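Trainee: Just need the structure, nothing else, for what follows:
(2 chains)
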Amino acid sequence: MAQIRAEKQGLSSHKKKKILVPSSAKKISKTSKLNRKPQFYGLEKELLLKIHDLMVQSRALEERLIKIYKAGDAYFWIGAPGEEAWAVPLGMQVHKGRGPEYDWLHLHYRGTPTLIAMGMPMVDSIRLIMNRATDVCTGGRNFSNHYCFPEWNVAPVSSPIEVQYLQALGTAHVQKRQNRSKGVTIVTGGDAGTAEGDFASCLVWASRKGFELPMLITVQNNRWGISTNYEGQHGESQISDRARAFNMPAQTINGNDPVESYIKIQEAMTYIRTKRKPAFIEALVSRLYGHSSASGANFIKDEEDCLIRFEKKLIEAGYLKSAEAKTLFENYEAEAQKIAESVRQEPFPESSTLWDHTYANHENADWRNF
Amino acid sequence: MANMAQAIRMALHFGEEHLNVKDIFGQDVGAPLGGVFTATQGLKTTWNTPLDERGIIGMATGIAMAGDRCVAEIQFCDYIFNTIDLLKIVGNTSWVTNGNYHLPMVVMTPVGAGIRGSIYHSHSFDAWASRLAGWKVVMPSTPIDAYGLLLSAIEDPNPVLFMKPKALMRVRGDELIPGEPESEKELKGMIDAPIGDRSQWKPRWPQLRHHSIPIGKASITRSGEQITVVSYGRQLLNCNQVADALGAEGLSVEVIDLRTIYPYDWSCIKESVLKTKRLLVVNEDTEVTNFGEHLVYRAVQELFYHLLARPRVLAGKNVPGIGLAAALEDASVPQSSDIAQAIRDICREEP
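Mentor: Next up, the predicted model:
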């Protein structure tokens, strides 16, 4: 699947290039469910419908966030419509909780589908974009999709790209020394960000011989860096080629196919949990509303819509009716709208809270009071 | 008496044994070298990193985020500049997450001139560091303060930058670290690695005890009546010597070792200036937008009508680097003669 898409996009496929793949990577590939079953590769109907449901919920939420921005109820929007087929299966397979025995997530600013799949209520996202005092992630201090959930080991998302690839090393290092931990560290980011040295640093530190880190290192390749296209930023055929050089299993997958995403993530996570070594996935995804509100946040018709694609397959398989899909979206859309109207009534943070949490434990940080 | 490198080493050992420090890391921090100044020699949790400053700060951030205590080192502060956005993120994490995450981590880095280190081994970082909101920033001038400040830094729930005045790493103090043997030779035999093959060497640590220098507390190192001189690190020792020398000339100089650059001990400065009515701040970071200017600004705002003379900052020249030739370095950063001259000038001034 990924090869077909890659060829359509003018990328070289693995088979054509005869790339030397580490033995561990070959092992994953040979045992992949994708090599065995034709339709949905053995995933159960119930699971497929759950994936679809979460994708719809995430899309409805993101589109509501855009509407909130366009209505003037938010200063800025950035988010993940178009990445659901990759990010929902990722979130569904996270072992969530607090502490090194659970998975750590270092997301970038397109994490909504992953967090929806983990159980994040829509209201958390809406309060964040509307910078309300009730925003549990930042208390009205940061942009949309800049999530933070310590109870689930979700590290704070920051606007500078790629720094999360460095911070992820530390949580993986702590997990590595826990003898019985199966927890892994997951890091996500965009293709344009891989130009930063931090991406290379991550590969170096995660793969040192004898000190390999239990990390799922991922890149969501939407072929854009704001307005600069892929060719303007990359000489490598695939970003996963770079990870292969560090002797870690590395794949480029079709991130617009939730079945392929689910299976490939599952295989990589099993490998990491067992071997306590890193694996890499480059997911080819779409960017349906541009980079952010800075580029208009308008729907882009010539990008493949993973939700429409998946719904079509489910309908063809008889797992879902068109009317059911429509109703599902309408229900989530109505719910998101209702939440937004409610959040609009909630207070903004008070200016008197400006200095709060500069230091821990409410220690004064205002020099006027030193 | 221990020198500052030994004091730092002993503090880190105490941190490993009693304060749950699980990682001490950086370039050449682990065996066999134990740091270019030997300040991490013989410790059990040290390890060498790739030569990647951003990786070091990122690793420390993640370890702190996961709840473990670590001490990271950037080998010289001259090489910390490519991590400045990471330091900014560390500083803003508690604030921007509305208290969801705190990052208790210590970053050590040698600072300052005085070893003929040329342009990339002589710079200061205190002015830059003072602009990293959310961090605490400390710099000792004696081994006992290095020990106490480092223990406080490790225990603090916030990120702390521990600046090591590199020219003082071999300077001994006049106060024993709690648990330190009285004989310098005995201490050296216990914790200094031998020259040559160290593969079988293990330190014999003294039974060290806790000693805390609270972050945010300055120390008056010389009492005086006519002028307050505020400094820290290497320049503090110069200020002490100058105060002693000028005492013989009849000038009474009060010297404050700030020890913590942020959050600084304003009440100590204020009380002293209300007494002396004159203020000089001395450090060796470059003079334009220097941290000392903030202290002078505050003195002007709050103590203006008590002052008998213009408060001043004596700092490094605003040139791009410290030149290797002795004449260039000496002209770049304050020398004792400069400090003495500034004190005389301020004390001569009358309203």
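Trainee: going forward, measure contacts between C-alpha atoms and count neighbours the same way
Mentor: Fine.
Trainee: Around residue A:361, how many other residues sit close by?
Mentor: A count of nearby residues for residue A:361, using other C-alpha atoms under 10 Å in any protein chain shown, gives 12.
Trainee: where does it land in three-state SS?
Mentor: helix (DSSP: H, G, I helix; E, B strand; the rest coil).
Trainee: Tell me how far it lies from chain B.
Mentor: To chain B, residue A:361 is 8 Å away according to C-alpha to the nearest C-alpha, to the nearest Å.
Trainee: which non-adjacent residue is nearest the residue of the stretch 51-200 of chain A found nearest chain B?
Mentor: The nearest approach of the stretch 51-200 of chain A to chain B comes at residue A:170, 3.6 Å away (C-alpha to the nearest C-alpha). For residue A:170, ignoring the flanking residues on the chain, the nearest one in space by C-alpha to C-alpha, 6 or more residues apart in numbering or on different chains is residue B:62 at 3.6 Å.
Trainee: Enumerate the residues of the stretch 251-351 of chain B near chain A.
Mentor: B:263-267 (C-alpha under 8 Å from any C-alpha of the partner chain).
Trainee: Quick check: nearest residue in space to the residue in the stretch 201-350 of chain A that chain B sits nearest to, chain neighbours excluded?
Mentor: The nearest approach of the stretch 201-350 of chain A to chain B comes at residue A:201, 6.1 Å away (C-alpha to the nearest C-alpha). Excluding its sequence neighbours, the residue lying closest to residue A:201 (C-alpha to C-alpha, 6+ apart) is residue B:55, at 6.1 Å.
Trainee: The one you found contacts residue A:166, correct?
Mentor: Yes - applying C-alpha atoms under 8 Å as the test, residue B:55 and residue A:166 come out as touching, 5.8 Å apart.
Trainee: Now the common contact residues for the two.
Mentor: Shared contacts of residue B:55 and residue A:166, defined by C-alpha atoms under 8 Å, 6 or more residues apart in numbering or on different chains, are found at A:198, A:201-202.
Trainee: residues contacting the closest residue to chain A within chain B?
Mentor: Nearest residue of chain B to chain A (C-alpha to the nearest C-alpha) works out as residue B:62 at 3.6 Å. Residues near residue B:62 by C-alpha under 8 Å, 6+ apart: A:166-172.
Trainee: switch to 6 Å and redo it
Mentor: A:167-168, A:170-171 (C-alpha atoms under 6 Å, 6 or more residues apart in numbering or on different chains).
Trainee: Any idea which residue is closest to the centre of chain B?
Mentor: Centroid-nearest residue in chain B: residue B:139, 1.7 Å away (criterion: C-alpha atoms, centre = their mean).
Trainee: Spell out which residues of chain B are next to chain A.
Mentor: B:55, B:58-59, B:61-63, B:66, B:94-99, B:134, B:266 (C-alpha under 6 Å from any C-alpha of the partner chain).
Trainee: how about those, which pair is most distant?
Mentor: The span of these, defined through C-alpha to C-alpha, is set by B:55 and B:266 at 35.6 Å.
Trainee: The two: which is more packed in?
Mentor: Higher neighbour count among residue B:55 and residue B:266: residue B:55, with 28 against 20, using other C-alpha under 10 Å.
Trainee: Can you verify the more buried one is assigned to a helix?
Mentor: Yes - counting by three-state DSSP, residue B:55 is part of a helix.
Trainee: tell me which parts of chain A are close to chain B?
Mentor: A:137-139, A:141, A:166-171, A:357-359, A:370.
Trainee: Could you report the pLDDT at residue 81?
Mentor: Defaulting to chain A. Note for residue A:81: predicted pLDDT of 97.
Trainee: nope, chain B
Mentor: 97.
Trainee: And for the one 10 residues further on?
Mentor: What the model reports as pLDDT for residue B:91 is 98.
Trainee: rewinding a little: okay, and the residue of chain B closest to chain A sits in which element?
Mentor: Using DSSP states H and E, residue B:62 sits within helix B:53-65.
Trainee: picking up where we left off before, quick check, the residue nearest to the centre of chain B in contact with residue B:259.
Mentor: Yes - between residue B:139 and residue B:259 a contact is recorded at 5.3 Å, counting by C-alpha atoms under 6 Å.
Trainee: what comes up buried for the host helix or strand of residue B:240?
Mentor: Using DSSP H and E, the element containing residue B:240 is helix B:234-248. Within helix B:234-248, the residues scored as buried using 16 or more other C-alpha atoms under 10 Å in any protein chain shown are B:234-240, B:242-243, B:246.
Trainee: With stretch A:271-288 instead?
Mentor: A:271-273, A:276-288.
Trainee: List the contacts of that stretch.
Mentor: Outside stretch A:271-288, the residues that touch it by C-alpha under 6 Å, 6+ apart are A:81-83, A:182, A:212-222, A:240, A:248-256, A:299-300, A:303.
Trainee: now for the helix or strand harbouring residue A:330, which elements pack on it?
Mentor: Per DSSP H and E: residue A:330 is located in helix A:322-343. Where contact means 3 or more C-alpha pairs under 6 Å, 6 or more residues apart in numbering or on different chains; DSSP states H and E, helix A:322-343 is packed against helix A:45-70.
Trainee: Packing partners of the helix or strand that the helix it packs on is followed by?
Mentor: Using DSSP H and E, the helix or strand that follows helix A:45-70 in sequence is helix A:84-92. For helix A:84-92, the elements it packs on are helix A:112-118, helix A:258-275, judged by 3+ C-alpha pairs under 6 Å, 6+ apart.
Trainee: Mind doing that once more with 8 Å?
Mentor: helix A:45-70, helix A:112-118, helix A:258-275, helix A:306-316 (3 or more C-alpha pairs under 8 Å, 6 or more residues apart in numbering or on different chains; DSSP states H and E).
Trainee: Return the angle between stretch directions for that helix and helix A:258-275.
Mentor: Relative orientation of helix A:84-92 versus helix A:258-275 (axes from the mean of the first three to the mean of the last three C-alpha atoms, to 10 degrees): 30 degrees.
Trainee: which outside residues touch the next helix-or-strand element following helix A:84-92?
Mentor: Counting by DSSP H and E, the next helix or strand C-terminal to helix A:84-92 is strand A:104-106. Under the contact criterion C-alpha under 8 Å, 6+ apart, strand A:104-106 has outside partners A:96, A:152-157, A:164-165, A:167-168, A:171-172, A:183-188.
Trainee: mean confidence score for strand A:104-106?
Mentor: 98.
Trainee: Share the number of residues neighbouring the closest residue in space to residue A:77 that isn't next to it in sequence, please.
Mentor: Once flanking residues are discounted, residue A:77 sits nearest to residue A:293: 5.1 Å by C-alpha to C-alpha, 6+ apart. Residues contacting residue A:293 under the criterion other C-alpha under 10 Å number 17.
Trainee: Identify the residues contacting residue A:293.
Mentor: Contact analysis of residue A:293 by C-alpha under 8 Å, 6+ apart lists A:66, A:69, A:76-78.
Trainee: Show me the two of those that sit farthest apart.
Mentor: A:69 and A:78, at 9.8 Å, using C-alpha to C-alpha across the contacts of residue A:293.
Trainee: Can you pull the domain assignment for chain B?
Mentor: Domain ranges of chain B: B:4-191, B:219-348, per automatic domain parsing.
Trainee: Can you give me the end-to-end span of stretch A:338-348?
Mentor: 19 Å (C-alpha to C-alpha, to the nearest Å).
Trainee: do the same with stretch B:89-109
Mentor: Note: stretch B:89-109 ends 18 Å apart using C-alpha to C-alpha.
Trainee: and it, how far from the chain's centre?
Mentor: In this view, stretch B:89-109 has its centroid 20 Å away from the chain centroid, taken as C-alpha atoms, centre = their mean, to the nearest Å.
Trainee: For the lengthiest strand in chain B, name the packing helices and strands.
Mentor: If you go by DSSP state E, chain B has its longest strand at strand B:279-286. Using 3+ C-alpha pairs under 8 Å, 6+ apart as the contact test, the elements touching strand B:279-286 are helix B:126-129, strand B:227-231, helix B:234-248, helix B:291-303, strand B:312-316, helix B:336-348.
Trainee: re the thing from before, mind putting the shared contacts of residue B:55 and residue A:166 into CSV with secondary structure, neighbour count and pLDDT?
Mentor: Converted to CSV, the shared contacts of residue B:55 and residue A:166 look like this (DSSP: H, G, I helix; E, B strand; the rest coil; neighbours: other C-alpha atoms under 10 Å in any protein chain shown; pLDDT from 0 to 100):
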residue, secondary structure, neighbour count, pLDDT
A:198, helix, 22, 98
A:201, helix, 21, 98
A:202, helix, 25, 98
